[in-house]
Every structure is written in C-alpha cells, then in structure tokens.
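Peer 1: Need a 3D model of the sequence below.
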Amino acid sequence: MGAILLVWWLGAASDGPEAYAAFQHFSLRLAGLLLLFGWSAALFYHLCNGIRHLVWDTGHGLELHSVYLGGWVVSPLRAALTAIAWMPACAQWSH
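Peer 2: Presented below is the predicted three-dimensional model:
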C-alpha cells in the first residue's frame, strides 16, 4: 500500500495542482493518515533491523542473549522514531 501511495503522490505532483490537491485531500483524511503512519512505522522498523543486521555482519551481538535483546530493543526504538517523525505534523494540526 505504501508503494501505491508513493506512486500516486509522485504522479499527482507531476500532473499539476488539481491532481496534487486530490492527493492531499485523500492523504489528510483518516485513511490516508493511517496509511502514512503505518508506512513510516514499517520504514523505521526495517531501518532498526537493518542496523541490527549490520552489527551482526561485523561479528558482534551473535550470542543468543544479544540476539533476543536486540529484537526487544527494535520495537520501542521503532515506536520512538515514528513518534519523533510525526511530531512536526501533530504540532501543525494542533494550531
């Protein structure tokens, strides 16, 4: 769904103001915001796990305890990064 939304956004940006206004109309509704929020949460989840795998590639953190600990760290870190990324948008809507 995120890829479809990205293609729609790029197409609307290239098609002109009317098409972009239609995209903005959808993306500022609840369904659009939920899709954008889910996409950003998935992005940060994959970013955190990618960093975890890069650490493993260096030969560190391969003990079973470290593997589990890294897995438990990824979720709250993803949540924090998602919240930080959405803070400017939430601040804008509160005005």
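Peer 1: State the distance from the nearest residue to Leu33 once chain neighbours are set aside to Ile51.
Peer 2: Spatial nearest neighbour of Leu33, chain neighbours left out: Ser27 (7.2 Å); criterion: CB to CB, 6 or more residues apart in numbering. Any C-beta I mention is one placed from the backbone N, CA and C, and that applies to glycine too. Separation of Ser27 from Ile51 (CB to CB, to the nearest Å): 29 Å.
Peer 1: try Ile4
Peer 2: 27 Å.
Peer 1: Among these two, which residue is more densely surrounded?
Peer 2: Counted by other CB atoms under 10 Å, Ile4 and Ile51 do not tie: Ile51 has more neighbours, with 13 against 9.
Peer 1: average pLDDT across the helix or strand containing the more buried one?
Peer 2: Counting by DSSP states H and E, the element that carries Ile51 is helix 30-57. Confidence for helix 30-57, expressed as mean pLDDT, is 95.
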